[in-house]
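> just to be clear, the model below is a prediction. Sequence and coordinates:
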There are 2 protein chains.
Amino acid sequence: MYRLRPRIAWLLGLLTLLSACGTPEAPGAGSRGGPATEPPGVDAPQTGDIAPPPTTHETLLTLDSHLDTPALLVQPEFDIMERNEPPESQVDLPRMIEGGLDGGFWVIYSQQGELTPAAYQQSRDTALLRALAIHEMVTAHPKEFALATEPADAQRIADAGQRVVYLSIENSYPLGEDLSLLETFYKLGVRMVGPVHFANNQFADSSTDPEGQIWNGLSPLGKELVTEANRLGIILDGSHAHDDVVRQLIELSATPIILSHSGASAVYDHPRNVSDELLKAVADSGGVVHINSYGGYLEALPENPERDAALQELYAQYQALDPDDVSGRQALADRRRAINEQFPPAMSNFDMYMRHFLHILDVIGPDHVGVGADWDGGGGVRGMEDVSALPRITESLLEAGYTEEDLQKIWSGNLLRLLEQAQSYAGTAAG
Amino acid sequence: MYRLRPRIAWLLGLLTLLSACGTPEAPGAGSRGGPATEPPGVDAPQTGDIAPPPTTHETLLTLDSHLDTPALLVQPEFDIMERNEPPESQVDLPRMIEGGLDGGFWVIYSQQGELTPAAYQQSRDTALLRALAIHEMVTAHPKEFALATEPADAQRIADAGQRVVYLSIENSYPLGEDLSLLETFYKLGVRMVGPVHFANNQFADSSTDPEGQIWNGLSPLGKELVTEANRLGIILDGSHAHDDVVRQLIELSATPIILSHSGASAVYDHPRNVSDELLKAVADSGGVVHINSYGGYLEALPENPERDAALQELYAQYQALDPDDVSGRQALADRRRAINEQFPPAMSNFDMYMRHFLHILDVIGPDHVGVGADWDGGGGVRGMEDVSALPRITESLLEAGYTEEDLQKIWSGNLLRLLEQAQSYAGTAAG
């Protein structure tokens, strides 16, 4: 049995945001074994050099469906162009290049508060500013990043040597009870939306709310959210939602759904994971499941009460901090790193990650699986600490007998098929 | 007597947005008489050159309180870094440098529609995207532009050789009936807000609504807007508002108000202009009046029915255009230029502009006057067609006997004093 510790997991997620301050290096410098693709601006091999043939991984269009990195973009100390270090940071341009990651869905994540109009408004504003931060990342580095909103954008952008930036929403809480805001975010580029996160909200039951369900799935407003996402051409994401919500999303959504970062209950029984039966239901309706690398959902990790207490205390200090207090924020980031050293997090490992991955592939096949490792949101395992290690997934799947064609579907084809279906429906059927 | 033609004026404003496509040149190239300050990246004079002493204008911190240029930023053909041409475009980096304009308040202007929730939502989204466009201008050109939110930012940014980008709202219509959105825009940087534009709306009566007044000034929601702007530290702007609104803003606002682009009724009796009595009331309460260069408010201009008809037809074509139809948009921009050549707009002239300017200075003095020439929003006169001609204002005021100290107040000191007062109040008195 799992141990349900959403509050600690939530603290971890929040505290990650304090401390993305690895040693800066020039992009591409310090790579392990050389970049998987050439960094932008680097010329072709010098005369006399013989370029090795590209690996399978390098030839694939690779997208991760759940990059929580935008939470770091709003931290003044973080620079997406520099090489940072895990566990505080897991995604940046140098490591995307090294790991052969072309891009993915960059998440507007919202911490949930009270279900009140005033709290909704604050969250709405924060989410809008998060979307602005993603746009500004692209605008500030137009050679390296490009905004993507259509299925065909991904290959075009990758072919141009840029990183692909789709936007998604994790937790629809900031929409409050005003569904017209989904269109606002659509106009800002959002093409995937998950109704709920760790706790029940105005739209849906969570898989991890300690109080249990309140809606028996989607709320009436949650059902309207499904209709509105379909109308706009936004993929619905059932990760974090209660199983009843996932079933209702499958039933109600006019186009197939995604679980953008989930695992297999058959490997480890945790409410954030999905039973074989539900995996099949997602796949039977045309949907896809992208595999999470969040350690606490991969296996039962040992308790770490000293770490939990230290993080709790740090979180209280963070809550009391003036947002403009740069040195104070720096001090808490240093403290966060010290806690990581003194009480290292319990971590799962790459073999456990692949056990979930291969099990789900066994159950629903390569047309319905992808990668959504929850980078900068709690993901990462020993042996795959950040996106620079992503070629290991490709190697493991090739060893397991999956073909390059399978891998192309897993790494982006399935995800882009869902977006194509969502947009085709919006373009034709929806009013 | 004036002729009230708000609809035609509104068409002009809209159509301006279609056609900002002057001949691109390198920044700083083609300047008339040389740049007023060195363009960024240009080295100091070569050995042997003798730099002339800076003119008074070059030594001043210069801000215009109403730059409508953001409406052009969302047009794909427009490039703020290139030299464009009037009348289609009046503000860009090369001409700001040439005209010695350090920056100002960059306007989130909203065209008004129906007073319905659905229309409010569409306008809200457009206004949010306009704010995003302003941020992206700054992010894309971080050496040339910088965001400003505090009074001290302006001098610091100008000293760094960058252009100053404060944000303001012209027409609060996109807030709908949700005043919490004013805080959203505050977080996006907005520090000035005008309740109303050409037509009465949910907040206030307009000075130019053909139907007359509906609120006898501010609506109840408009009074809440005043309180909320005061709470946040946002300057209230009475330009476009009915005189009754201006009087009520003076009475209700905890800090002095601005008329960001207005003229003198004593020079030309038009409802967009202000009587000496009301000018004095603004000044007596500590406020400032920034002088507009919108020709139709400076004097009675000859009728031009052929031009009006051609613009009306063009506007209908624009309304029917697919926003993604780039060549269609280009064709309409070409048509707009052709109309400007065939039926040139009736224009006022620089002497008329200075008549308004000097009259208002006579009535309320240099502590209460500034420049808000409605660039890219209908402003511009013969002899001052774009911001490159701004040194003429300084020359004229020096000739009229105003001192350098007066000019420093007129060009930015008064405006920054208002912002300081607004923010001091928000920081201390407001809840």
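Received it, and whenever you're ready, just let me know what you need. Numbers count the residues shown, from 1 in each chain, chains lettered A, B, ... in the order given.
> quick one: name whatever helix or strand follows the lowest-mean-pLDDT helix or strand in chain A.
None of the helices or strands of chain A scores lower by mean pLDDT, DSSP states H and E than helix A:6-16, at a mean of 46. Using DSSP states H and E, the helix or strand that follows helix A:6-16 towards the C-terminus is helix A:56-59.
> the residue lying closest to A:Pro271 once chain neighbours are set aside and chain B, how far apart?
The shortest distance from A:Pro271 to any non-neighbouring residue, by Cβ to Cβ, 6 or more residues apart in numbering or on different chains, is to A:Ser207 (4.2 Å). No exception for glycine: its C-beta is placed from N, CA and C like everyone else's. As judged by Cβ to the nearest Cβ, to the nearest Å, A:Ser207 and chain B stand 31 Å apart.
> residue contacts, A:Ser207?
A:240-243, A:271-272 (Cβ atoms under 8 Å, 6 or more residues apart in numbering or on different chains).
> farthest-apart pair in those residues, please.
A:His240 and A:Asp243 (11.4 Å; Cβ to Cβ).
> who has more neighbours out of the two?
Using other Cβ atoms under 10 Å in any protein chain shown, the more surrounded residue of A:His240 and A:Asp243 is A:His240, with 26 against 18.
> make sure the more buried one is actually in contact with A:His197.
Yes. Counting by Cβ atoms under 8 Å, A:His240 does reach A:His197; the two are 5.0 Å apart.
> intersection of neighbour lists for the two?
Joint contacts of A:His240 and A:His197 (Cβ under 8 Å, 6+ apart) are A:170-171, A:206.
> okay, now the unreliable bits of chain A?
Residue ranges of chain A with pLDDT under 70: A:1-49, A:429-431.
> and if we set it to 50?
A:1-47, A:430-431 (pLDDT under 50).
> how about the residues of chain A by chain B?
Within chain A, the positions near chain B by Cβ under 8 Å from any Cβ of the partner chain are A:118, A:121, A:124-125, A:128-129, A:132, A:135-136, A:139-140, A:142, A:180, A:183-184, A:187-188.
> which members of these are classed as buried?
The neighbour count (16 or more other Cβ atoms under 10 Å in any protein chain shown) marks A:121, A:124-125, A:128, A:132, A:135-136, A:139-140, A:180, A:183-184, A:187-188 as buried among the residues of chain A next to chain B.
> now for the residues you listed: which two are most distant?
A:Ala140 and A:Ser180 (29.7 Å).
> hey, where'd the helices end up in the stretch 151-300 of chain A?
A:153-159, A:180-187, A:220-232, A:243-252, A:276-284, A:295-298 (DSSP state H, counting those that start in this stretch).
> how about the shared contacts of A:His240 and A:His197 in JSON lines, adding distance to A:Met352?
Conversion of those to JSON lines gives the following (distance: Cβ to Cβ, whole Å):
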{"residue": "A:Glu170", "distance to A:Met352": "23"}
{"residue": "A:Asn171", "distance to A:Met352": "26"}
{"residue": "A:Ser206", "distance to A:Met352": "24"}
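> can I get the buried ones among the residues of chain A next to chain B in JSON lines with distance to B:Glu405?
Formatted as JSON lines, these follow (distance: Cβ to Cβ, whole Å):
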{"residue": "A:Gln121", "distance to B:Glu405": "44"}
{"residue": "A:Arg124", "distance to B:Glu405": "46"}
{"residue": "A:Asp125", "distance to B:Glu405": "41"}
{"residue": "A:Leu128", "distance to B:Glu405": "42"}
{"residue": "A:Leu132", "distance to B:Glu405": "40"}
{"residue": "A:His135", "distance to B:Glu405": "42"}
{"residue": "A:Glu136", "distance to B:Glu405": "39"}
{"residue": "A:Thr139", "distance to B:Glu405": "40"}
{"residue": "A:Ala140", "distance to B:Glu405": "40"}
{"residue": "A:Ser180", "distance to B:Glu405": "51"}
{"residue": "A:Glu183", "distance to B:Glu405": "51"}
{"residue": "A:Thr184", "distance to B:Glu405": "47"}
{"residue": "A:Lys187", "distance to B:Glu405": "47"}
{"residue": "A:Leu188", "distance to B:Glu405": "46"}
